[in-house]
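**Student:** quick one: sequence and predicted model below, then my questions.
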Amino acid sequence: MAQDGQRVAIVTGAARGIGAATARRLAADGMAVAVIDLDEAACGGTVDAITAAGGRALAVGADVSKADQVEAAVGKVAGSLGPPAVLVNNAGIIRDNLLFKMTEDDWDAVLGVHLRGAFLMSRAAQKHMVDQGHGRIVNLSSSSALGNRGQVNYSAAKAGMQGFTKTLAIELGRFGITANAVAPGFIVTDMTAATAARVGMGFEEFQQAAATQIPVRRVGQAEDVAHVISFLCGEGAGFVSGQVIYVAGGPLC
Ligand code: NAP
């Protein structure tokens, strides 16, 4: 915990999309937030939004798939804001293709950011949580963990995030640390806009088509996911661990 008693949170991939909404939400919940993304300058919008609302935030540039950058980033957060107690492993990329056209680079890049990135960030952050006897780790999985055409790399990574989360929960529980996964369905971000472009549809048309398949008859917004992450990161969620919560407007099977 920081000197003033404020919890410190790290959100990766927080320059935009779900990560940015989550960073803003955790700051509104009262946490100091480290906004990590590939390009430090790109974090400025999220940091400015938090500080304009009266919160504390720090922009940190790091590639979560690189161990040296991760160690430096977590050290910078601990030195500037205080030791992190909350980690949201949100950074992500897609490199979609059917199996027979998928390159090894596309496989390695996606597994590298999602799984290796979550591993490196969690390993670096957990020691600060153990020292505090308190921690909250939330990993971004996806409805694609259940299988999705054209995403053999991404679905493997997102299913892997679920097993990773459950093992973190088992190993770290005795230190007051919980680990949970949030698995969004269709959320309006640059990532789903890129998917619309890949399949040759306008983004509006793509969203409308997706909404017809979702029980609540709408697509999700980044704030829908941030709301659930906020709950899991809260002080009161200490008896919820190793869970996967689908945030998809309906049940998935
Ligand atoms: P997004 O808008 O594409 O944002 C992802 C962010 O992660 C970007 O700012 C990106 O930076 C950053 N990033 C990528 N690689 C990184 C790396 N190696 N190190 C640090 N940051 C990196 O994506 P989103 O839709 O908000 O998705 C956020 C998370 O939710 C991802 O894990 C995604 O898989 C998951 N998710 C999304 C949906 C959805 O429908 N949108 C559904 C299920 C799960 P750059 O801009 O520099 O690339």
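**Tutor:** Yes, it's here.
**Student:** next, count neighbours for Leu98.
**Tutor:** Close neighbours of Leu98, defined as other Cβ atoms under 10 Å, add up to 10. (Each C-beta comes from the backbone N, C-alpha and C, glycine too.)
**Student:** go on, Gly160?
**Tutor:** 18.
**Student:** which helix is the longest one in the chain?
**Tutor:** Secondary structure assigned by DSSP state H gives helix 152-172 as the longest helix of the chain.
**Student:** so for it, what gets flagged as buried?
**Tutor:** Within helix 152-172, the residues that count as buried by 16 or more other Cβ atoms under 10 Å are 152-162, 164-166, 168-169, 172.
**Student:** tell me the residues of the chain that contact the ligand?
**Tutor:** Within the chain, the positions near the ligand by Cβ under 6 Å from any ligand atom are 12-13, 15-19, 37-39, 63-65, 90-93, 113, 117, 140, 142, 184, 186-187, 189-192.
**Student:** any of the residues you listed buried? List them.
**Tutor:** The buried subset of the residues of the chain next to the ligand (16+ other Cβ under 10 Å) comprises 12-13, 15-19, 37-38, 63-65, 90-93, 113, 117, 140, 142, 184, 186-187, 189, 191-192.
**Student:** inside strands: which ones of these?
**Tutor:** With DSSP state E as the criterion, strands contain 12, 37, 140, 184 from among those.
**Student:** now render those as a markdown table, adding pLDDT.
**Tutor:** Output for those, formatted as a markdown table (pLDDT from 0 to 100):
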| residue | pLDDT |
| --- | --- |
| Thr12 | 99 |
| Asp37 | 98 |
| Leu140 | 99 |
| Pro184 | 98 |
